[in-house]
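Trainee: my questions are about this predicted structure, shown below with the sequence.
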Amino acid sequence: MAVAALTQRAHHCAAAARVPVYPVVGVDARDRVETLLSDPALDSVASPRQAAVLLVAGALPSYLGTDLKRLHDQLPHPRTTASWCAEPPPIPASLTLGNGISPSDALVAAHGELYLGRRESESDLLPDEPPAPWQGVGEHGQGGEGMMGGKPFGRPMAMTGQDPRDALPLDAVTVDAGPFLSTWPPGLKLRLTLQGDVVTEAALLHPPFRQTEIEAPFRRALREPVAIAELERARAAHHLRALARFLETRELRALRMRFIRKADAVVAGELRTLESLRRYFRLSGAALAIGRGLGTPTEGDCACLQGPALRAAGADRDARTDHPVYRRLGFRPVCGGRGDTASRLGQWLAEAEQSLALAEAAGDVRAEFPDGIEGPTGPIRDAAGELPSWDLESLLTGLEWDEMVAVLASFDVAALRQVRPAVPAELADQGEHS
Amino acid sequence: MTAIDAAFWALGLIALAAGYRVFRTDSMVRASFLLLASFVAVGAIMLLLAAEYLGFATIFMMAVEMTVMALFMVMFMMNPAGLNPMNMVHQPRLAAAAGIAAFAGLAVIPLLTDFPDRPADRQADPIAALGNELLGGSMLIFESAGVTLLATMIGAVILSSRSGRYGPSDHGSVPPGLEPGGEPAGRRPKSEQRDHSDGGGHAS
Amino acid sequence: MTLALQLASVALLLAAGAYVVAVMDGLVGAALSGAPQPRVLRQPLERLGRRLVQQKTETEKPDRVTRVLAPALYAALAAAGLSVVPLADDWAAVDVEAGIVLWGSVEVLTVAAVFLHGWSPNSQLPLIGAYRYVAIGLSAMLVSMFVLIGVALPAQSLNIGEIVESQRSLWNVVRQPLGLPLFLVLGLSVSLRGPLDYADSADIAGGTSAESSGSERLVWQAARSAMLVSFAAMASAAFLGGHSGPWLPGPVWLLAKTTLLLAVLVVLGHLLARALPSRMMTLMWTVLLPLAFADLAIAGLGALP
Amino acid sequence: MTAETVWLVAAALIGIGVYGALSQQSFVMLMMGLELIVNGVLLAAVGFWSLTAAGLPKGQLLAVVAMAVMAVEMAIGFALVVAVYRRRQVDMTDGLDTLRQ
């Protein structure tokens, strides 16, 4: 009796809790999802094992369906899937957001129903099979081959490989990471060979999805006059969001939320200075935490980059320099960094501050940019040609996992999308983990 | 049987069972932590024996050692849980016989000899006594242990670091020539005729 | 009977402390993020409810024994650490002569528990968390041991009660100014918090607890908070004079000092960025460890008769 | 808990350690056998100190020395494993047959 009452009580408590959401972000959905998850009633979690709601937002290519289904099955019961602007949803979703009622209210309501038993928990989409078949394989049925090799008990067996750092060859294991790993650019999938937490080999299997929501005013400016203030605020918001993502990799979830909320305030024109954000950034020691010289691309690779990443490496290329309106505003590109991770972060912060100052100075000046405009991640033109590929793989080789995550977070999606995958995405072996 | 007796037998059993399982499991991480369990049980027995400092110090030291050992296992064999079943035992009969002989030989001593029953005074402060002994009468022993540990640290760093006397130790290391670019000085190791890629180094 | 009573009081203190930590986390998080949190006082209980009814997930071929034991061991270590802290004059749950050494074992076994927690699910990301935590956790522990020896010097005893007693006239935080800041590093490390969270961090999808849900996660998270409480109590006994203070009864003083340290630790955890493991390692061995030596030297000079 | 029973347990630990050290091929496992032997010695020394030597301080000293031995053994042992592994890629005693040059 007492047990039943307690269980009942626990269910009621659980139903009222913040909704643990694991977001799967597709094409052009990242900013929207981040803004949604900055609602205090929702809690964006780092692992699918901690979530109750799988939020699938934006379009996803169908060849990632198996990855997504596996991710879905990793959520513990009770669980539910919500699709948001994903038409058609790549996996069956019991909840569709965006029909009138606000998405966060819909998620809260569904989560409550889930724990009160008024909504069925979703069953597995894939048969319960080991990530790599192992039972019955090998002489002891453990999936291994002799002393080395094979996939004993479903995990790849480590094999000795060369160490790039001090030539102590330890055992290395190859795993696929992504495409839905939290704190990674959504869609990015890498095949990594790890020794401990050191990446000894990296190959790009799938580039991150396009995220161009913030570029809408810039594309509009190619055709019609748009207020400079609007453009510059959008640019500042983009940079603040990028910094927020980096802060998350430094375990600063509260500050990340602050940056995202401020980014939204910037777009709405409610914020005129980034003084307090800069103070928090400095106080947190985020730049000290990564130090200098991490993730510096070669000179050739730097030349392939665009926008802030290029300017962080010292080049003063900025399409705004030659525009008469910007010249009148006294615009000078911010540049002169060392091209490493810390200078890319500093670049974002400095450019965001500069953009806000420009937005203030411009007032309601409007301008048109028929020949192309400097977007938040690089020049935007009507007839955009293929951009040159650069070598992300060797940039990541030799880094520790945490260093790799920091480096990845210091590039915008556009830069990562320039890298050509080692294997066509559709053909890449379907990996094992989220 | 008092509570202390019961605790002693239980802990003794844990120490022995865990110690034996160390050599019977096929995962080296498990082996490390089984050994740690054995040490923790022995440390707890020491607490029962009123050796408070030694008991906790044993647990403390062994926890560090075994965690590092487990880390080494993962470093050299990065396999999350359980290795491929492997038989890493040689001369098992001889080893078992030697083990039993060692036990029997040692067990005979307490059983046949009549030791005086002079338990330590539980009211006395054994930690202060140990401290006074270490920095008093047995200062020399204590200091030699300290110097030995220092030498160990230096030796361990030199042994495990990459650089040998004449360059990276994993490359064949040879002394520099007498004139620039000349033949290496010193006696030439015999192996050089057999295997050029693997010239004499300091590990031979 | 008294033993049962003492154990119960330790468990109660830890549970209450874990709740306070969760509330502080909510408040500090809300203040820093600029987003007001609804129902800060109720949220920990709601999370508790969810973890009680949520499914406990399984991984492929885990080490079942250690998967259950590691969180339990972590919680037990937190209790063991708190049990040697005297709540009032001559009243600690367990009065051991070598209290400082016991706390040292607690620190080290915590590293072992975290490693086992990451190793047991047979999964890549948790193992990476476990693997790199050992390196950082052991370094932080090394620093803390020198600091604790410095605290034992003026008391001429390894007993925590004696150490509190030795601070009647002057707190250790004044006598050895380097001690408390260095010791706080350990607090963030043993409870896997903020700048020293190398085991359960976001960059590896939750690290050692990336595969845990439901009751397993409940015990683990509760143990993390409990360990922070246990550490704060130990730090206030070692540096802030523990239960000693004028006017008010001893336990109230200890509670106040512990709460203050908890608040400091929670704020630091939310505010400071986690350094790259290699940089943190360098910091520990080239800056913090020499500082710990300096602290020990200061303590030694101060303890000269 | 008498001195005899403590020493019996210690003797059994030493016996298991001897078995382990002689039967294992891996260096690290071999070291574990040695550690277990020292563990037995440690227990015997503390038992001696506590139950028959009337708390003589030298008894504890013996245990401290045993611990130092253990630390030295482990540190040098690991360093040797790393050094040999660097050159030979082996971590098994049988692999050392070819070390003679």
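Mentor: Looks like it came in fine.
Trainee: if I look at C:Thr59, how far off is C:Arg67?
Mentor: 9 Å (Cβ to Cβ, to the nearest Å). To be clear about C-beta, it is placed using only N, CA and C from the backbone, and glycine gets the same treatment.
Trainee: what do these two both touch?
Mentor: Residues touching both C:Thr59 and C:Arg67 by Cβ atoms under 8 Å, 6 or more residues apart in numbering or on different chains: C:Pro121.
Trainee: flag the shaky bits of chain D, pLDDT-wise.
Mentor: Low-confidence segments of chain D, defined by pLDDT under 70: D:1, D:55, D:86-101.
Trainee: so which strand or helix has B:Leu54?
Mentor: Secondary structure from DSSP states H and E places B:Leu54 in helix B:52-76.
Trainee: is there proximity between that helix and chain C?
Mentor: Yes. Using Cβ under 8 Å from any Cβ of the partner chain, helix B:52-76 reaches chain C at B:52-53, B:56-57, B:59-60, B:63-64, B:66-68, B:70-71, B:74.
Trainee: tell me, how many neighbours does the closest residue to C:Arg42 other than its chain neighbours end up with?
Mentor: Excluding its sequence neighbours, the residue lying closest to C:Arg42 (Cβ to Cβ, 6 or more residues apart in numbering or on different chains) is A:Ala16, at 7.3 Å. Residues near A:Ala16, counting by other Cβ atoms under 10 Å in any protein chain shown, number 20.
Trainee: what's the answer for A:Gly398, then?
Mentor: Other residues within reach of A:Gly398, judged by other Cβ under 10 Å, total 16.
Trainee: kindly report the same for C:Ala76.
Mentor: For C:Ala76, the count of nearby residues is 16 (other Cβ under 10 Å).
Trainee: distance of it relative to D:Gln25?
Mentor: To D:Gln25, C:Ala76 is 36 Å away according to Cβ to Cβ.
Trainee: returning to that earlier point: shouldn't the residue nearest to C:Arg42 be in contact with A:Leu116?
Mentor: No. Contact between A:Ala16 and A:Leu116 fails when scored by Cβ atoms under 8 Å: they sit 9.9 Å apart.
Trainee: which neighbours do those two share?
Mentor: Common contact partners of A:Ala16 and A:Leu116 (Cβ under 8 Å, 6+ apart): none.
Trainee: can I see the domain layout of chain B?
Mentor: Each domain of chain B is listed here as a residue range: B:1-82, B:126-172, per automatic domain parsing.
Trainee: can you tell me which of those the model trusts least?
Mentor: Mean pLDDT is lowest for domain B:126-172 out of the domains of chain B, coming in at a mean of 78.
Trainee: that one close to chain C?
Mentor: Yes. Shown here: domain B:126-172 in contact with chain C (Cβ under 8 Å from any Cβ) through B:126-127.
Trainee: tell me the helices in chain B, going along the chain?
Mentor: Counting by DSSP state H, chain B has helices at residues B:3-21, B:28-48, B:52-76, B:92-112, B:126-134, B:139-160, B:191-194.
Trainee: residue contacts, the residue nearest to C:Ala35 when sequence neighbours are not counted?
Mentor: Once flanking residues are discounted, C:Ala35 sits nearest to A:Pro40: 5.0 Å by Cβ to Cβ, 6+ apart. Neighbouring residues of A:Pro40 by Cβ under 8 Å, 6+ apart: A:18, C:30, C:35-38.
Trainee: which one of these sits closest to chain D?
Mentor: For the contacts of A:Pro40, the minimum distance to chain D (Cβ to the nearest Cβ) is 46.1 Å, reached by A:Arg18.
Trainee: what's the burial count for B:Phe8?
Mentor: Around B:Phe8 sit 21 other residues, with neighbours defined as other Cβ under 10 Å.
Trainee: which one of the domains of chain B lies nearest to chain A?
Mentor: That would be domain B:1-82 among the domains of chain B, by Cβ to the nearest Cβ, at 3.8 Å.
Trainee: so where's the longest helix in chain D?
Mentor: Every helix in chain D considered (DSSP H), the longest is helix D:57-88.
Trainee: ok, residues contacting the helix or strand hosting C:Arg279?
Mentor: In this assignment (DSSP H and E), C:Arg279 forms part of helix C:277-283. Around helix C:277-283, the neighbours that count as contacts under Cβ under 8 Å, 6+ apart are A:197, A:289-291, A:400, A:402-403, C:132, C:135-136, C:139, C:196, C:198, C:274-275.
Trainee: where in the stretch 151-300 of chain A is pLDDT low?
Mentor: The stretch 151-300 of chain A contains residues with pLDDT under 70 at A:151-171.
Trainee: what residues does it have near chain C?
Mentor: Contact residues (Cβ under 8 Å from any Cβ) of the stretch 151-300 of chain A with chain C: A:153-155, A:173, A:175, A:181-183, A:194, A:196-197, A:247-258, A:261-262, A:280, A:283-286, A:288-291, A:294.
Trainee: show the buried residues in these.
Mentor: Buried residues within these, counting neighbours by 16 or more other Cβ atoms under 10 Å in any protein chain shown: A:153-155, A:173, A:175, A:181-183, A:194, A:196-197, A:247-258, A:261-262, A:280, A:284-286, A:289-291, A:294.
Trainee: packing partners of the host helix or strand of D:Phe48?
Mentor: Using DSSP H and E, D:Phe48 sits in helix D:27-51. Counting contacts by 3 or more Cβ pairs under 8 Å, 6 or more residues apart in numbering or on different chains; DSSP states H and E, helix D:27-51 packs against helix B:3-21, helix B:28-48, helix B:52-76, helix D:3-23, helix D:57-88.
Trainee: out of those helices, which is closest to C:Ser123?
Mentor: C:Ser123 lies closest, by Cβ to Cβ, to one member of the helices and strands packed on helix D:27-51: helix B:52-76, at 13.2 Å.
Trainee: give me every residue in the stretch 151-300 of chain C lying close to chain A.
Mentor: Contact residues (Cβ under 8 Å from any Cβ) of the stretch 151-300 of chain C with chain A: C:194-195, C:197, C:201-206, C:209-214, C:217, C:270-279.
Trainee: ok, now with 7 Å
Mentor: By Cβ under 7 Å from any Cβ of the partner chain, the residues of the stretch 151-300 of chain C that approach chain A are C:194, C:197, C:201-206, C:210-214, C:217, C:270-279.
Trainee: show me these that map onto strands.
Mentor: Among these, no member is found in strands (DSSP state E).
Trainee: so is stretch D:63-70 next to chain B?
Mentor: Yes. Counting by Cβ under 7 Å from any Cβ, contacts between stretch D:63-70 and chain B involve D:63, D:65, D:67-68.
Trainee: could you export those to TSV, including columns for distance to chain C and neighbour count?
Mentor: What follows is these, written out as TSV (distance: Cβ to the nearest Cβ, whole Å; neighbours: other Cβ atoms under 10 Å in any protein chain shown):
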residue	distance to chain C	neighbour count
D:Ala63	14	26
D:Val65	18	19
D:Met67	13	20
D:Ala68	16	19
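Trainee: in the stretch 1-150 of chain C, where is pLDDT below threshold?
Mentor: In the stretch 1-150 of chain C, residues with pLDDT under 70: C:1.
Trainee: how about the helices in it?
Mentor: For the stretch 1-150 of chain C, helices defined by DSSP state H, counting those that start in this stretch occupy the ranges C:2-33, C:43-53, C:64-83, C:99-119, C:124-155.
Trainee: out of the contacts of helix C:277-283, who has the most neighbours?
Mentor: Of all the contacts of helix C:277-283, the highest neighbour tally under other Cβ under 10 Å goes to C:Tyr198, namely 31 neighbours.
Trainee: thought that one was touching C:Val134?
Mentor: No. Between C:Tyr198 and C:Val134 there is no contact under Cβ atoms under 7 Å: 9.2 Å.
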